[in-house]
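Student: Please find the sequence and the predicted model below.
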Amino acid sequence: LVAHDLSPIDTLKYCQNEKVKGILTDLGGATSHTAIIARSLSIPAIMSLYNISHTLKPGQRAYVDGYKGIVTWKTNKEEKIQMESLREEYLLLEENLLEFSKLTGQTNDGDLVSVKANIEITSELNSAIRYGAEGIGMYRTEFLFTSKDRFPTEDEQFEDYKKLLNTNHFDEATIRTLDIGGDKIKNLNVEESNPALGLRGIRYSLANIDIFERQLRAIFRVCAEEEKKIRILLPMISNIDEIIKANEIIDQTNKDFMVSDFYTIGVVIETPSAAILADEISNHVDFISIGTNDLLQYILAADRTNENLSNLMSYYQPSVIKIIKQIKDNVGNQKYISICGEMASDILSLPLFIGLGFNELSMNSHSIPIIKSAMNELSSIECKEIVNTCLDCKKASEIEEILRKFINDKILKAKNLMKYEI
Ligand code: PEP
Ligand code: MG
């Protein structure tokens, strides 16, 4: 599928068709929702190719190496044979990686870090289970809200959310309330010149209480029926008032169901304001999750969908590492804290999350086996040391180099299987 640009909704729609084997776009960044969806559906995708939609002609054959980010076309016979054998190699690699799916998310000195799946649609549950997810760390519900030309009814949501808990695999699941706006779904009733800074996430839910309540009612019905826990995750929080207001609506809605034993409330820390207020915020909720995709976008003032900013949007920017450390320190050890942005699946960032003491990493299912495997080869003590080394660095390139060397030295088993370069 070759396009100038693809919206997350179109990506989801087209990729249900088995004929789509790879995605190439001129625009888009690695943490855009389009890239996240492609990753979730295990479809190799390369974005930011500038002019690929004009370069490739309809019907032309191309090979997409999603591991290396290389697209090849006009291949001669010999190159074709090479590409086909590389494809076979990758398929074998995928099979081998599955061996790691059965591991427990823990370090080699016994610290547990739960490795969970982010999903966009409930049909991804099978791959979450297949790749060894230890739970659903975040269900992004916005795609359910756009699957029809109207928002889903309470019954439709109930039927959908129920699937999360009746798999027999998971005792609890995390449902993130509607995060409309930004680059995922344009806000239908409001024209916004800058949707990334607009009526997004909780702001939308609090401005449309009927829609928020309908979603909560569907969640509480599942709690009542399944008698298993649902973690409710509130996106795009930027101040305490929003949490207090949301909690009031949640309490009020719960009065019809009386299921307070079966849900907990958490927030996504993904705005600089929430990061600064993390200690106060944690007093109002049961758990915290850091949404690194948006946190990077807002900390670095860099649009996550802008293909020209991919160097700036580095996970290893000192400001990014420092803010994540500050959030963790401010939250302390009293509240459960996870990472739910794409950075959770970045093998180089793994030592930082372990060293900082995160309880959970939630990621696209496909990355789970390799992260589990790498985690099992790392020790918390060494990871703590590397965090301190990185905090002393002034440049992203230095941090990246230190982490790369650390991972290359420590991770032997996982690296042998990962044919692609770390
Ligand atoms: C994030 O911002 O990191 C996140 C998890 O949410 P989303 O990518 O859906 O904005
Ligand atoms: Mg976000």
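Tutor: Yep, it's here. Numbering: from 1, shown residues only. Ligands and ions are numbered 1, 2, ... in the order given.

Student: Now I269. Nearest residue, chain neighbours left out?
Tutor: I290 (5.0 Å; Cβ to Cβ, 6 or more residues apart in numbering). (C-beta placed from N, C-alpha, C; glycine too.)

Student: Is stretch 364-379 positioned near ligand 1?
Tutor: No - using Cβ under 6 Å from any ligand atom, stretch 364-379 stays clear of ligand 1, with a minimum separation of 10.8 Å.

Student: quick revisit: distance check, the residue nearest to I269 against L98.
Tutor: 28 Å (Cβ to Cβ, to the nearest Å).

Student: more crowded one of these two?
Tutor: A count of neighbours by other Cβ atoms under 10 Å puts I290 above the other of I290 and L98, at 27 against 12.

Student: Correct me if wrong: that one contacts N330.
Tutor: No - the pair I290 / N330 is not scored as a contact, 11.5 Å apart, by Cβ atoms under 8 Å.

Student: Could you tell me which residues of the stretch 101-250 of the chain lie near ligand 1?
Tutor: 140, 179.

Student: show me where the stretch 101-250 of the chain has helices.
Tutor: For the stretch 101-250 of the chain, applying DSSP state H, counting those that start in this stretch gives helices covering 125-130, 154-165, 201-207, 209-226, 240-254.

Student: what sits up against the helix or strand just after the last one?
Tutor: Following the chain from helix 240-254 toward its C-terminal end, the next helix or strand by DSSP states H and E is strand 263-269. Strand 263-269 is contacted from outside by 174, 176, 201, 219-220, 223, 229-237, 243, 246-247, 250, 254, 274-275, 278, 281, 285-291, 294-295, 327, 336, 340, using Cβ atoms under 8 Å, 6 or more residues apart in numbering.

Student: Within the sheet, what are the partner strands of strand 263-269, with directions?
Tutor: strand 229-234 (parallel), strand 287-290 (parallel) (DSSP bridges).

Student: now, of those strands, which is deepest in the fold?
Tutor: The highest mean neighbour count among these, using mean count of other Cβ atoms under 10 Å, belongs to strand 287-290: a mean of 25.

Student: Going toward the C-terminus from it, what's the next helix or strand?
Tutor: Strand 287-290 is succeeded, C-terminally, by helix 292-299 (DSSP H and E).

Student: What mean pLDDT does that next one get?
Tutor: For helix 292-299, the mean pLDDT works out to 96.

Student: Not counting its own residues, what contacts that helix?
Tutor: Contacts for helix 292-299 (Cβ under 8 Å, 6+ apart): 31, 36, 182, 196, 236, 268-272, 275, 302-304, 313, 315, 317, 319-320, 323-324, 339-344.

Student: pull the longest helix from this structure.
Tutor: For the chain, the helix that runs over the most residues, judged by DSSP state H, is helix 77-97.

Student: Can you get me the centre-to-centre distance for it and its chain?
Tutor: 27 Å (Cα atoms, centre = their mean, to the nearest Å).

Student: That helix: which residues count as buried?
Tutor: Buried residues in helix 77-97, counted by 16 or more other Cβ atoms under 10 Å: 83, 86, 90, 97.

Student: Check the third one and give its pLDDT.
Tutor: Looking at Y90, its pLDDT reads 87.

Student: ok, now the last one?
Tutor: As predicted, L97 sits at a pLDDT of 84.

Student: Now do the nearest residue to it once chain neighbours are set aside against N96, distance only.
Tutor: Closest residue to L97 apart from its sequence neighbours, by Cβ to Cβ, 6+ apart: P369 at 4.4 Å. Computed as Cβ to Cβ, the P369 to N96 distance reads 9 Å.

Student: Same question for Q252.
Tutor: 51 Å.

Student: on that earlier part again, give me the subset of the contacts of strand 263-269 that also touch ligand 2.
Tutor: Counting by Cβ under 5 Å from the ion, 291, 294 from these sit close to ligand 2.

Student: Whichever of the contacts of strand 263-269 end up buried, select them in ChimeraX.
Tutor: The buried residues among the contacts of strand 263-269 can be selected in ChimeraX (16+ other Cβ under 10 Å) with this line:
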select :174,176,201,219,220,223,229,230,231,232,233,234,235,236,237,243,246,250,254,274,275,278,281,285,287,288,289,290,291,294,295,327,336,340
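
Student: about what we covered before: what's the closest of the buried residues of helix 77-97 to ligand 2?
Tutor: Of all the buried residues of helix 77-97, L97 has the smallest distance to ligand 2: 27.2 Å, by Cβ to the ion.

Student: you'd agree that closest one is up against I371?
Tutor: No - if you go by Cβ under 8 Å, L97 and I371 don't touch, sitting 10.5 Å apart.

Student: quick one: low-confidence parts of the protein?
Tutor: For the chain, applying pLDDT under 70 flags the ranges 183-190, 414, 416-422.

Student: can you list the residues of it near ligand 2?
Tutor: For the chain, the residues in contact with ligand 2 (Cβ under 5 Å from the ion) are 270, 291, 294.

Student: shouldn't the first one be in contact with M236?
Tutor: When you say that, I think you mean E270. Yes - with contact defined as Cβ under 8 Å, E270 reaches M236; the gap is 6.5 Å.

Student: what's near enough to touch L312?
Tutor: Here L312 is in contact with 300, 302 (criterion: Cβ under 8 Å, 6+ apart).

Student: Adjust the sequence numbering to begin at 110 for everything that follows.
Tutor: With the count now opening at 110, the last piece we talked about shows up as L421.

Student: Which phi and psi values does it adopt?
Tutor: Phi and psi for L421, reported as degrees, to the nearest 10, are phi -70, psi -40.

Student: so how far is ligand 1 from it?
Tutor: 17 Å (Cβ to the nearest ligand atom, to the nearest Å).
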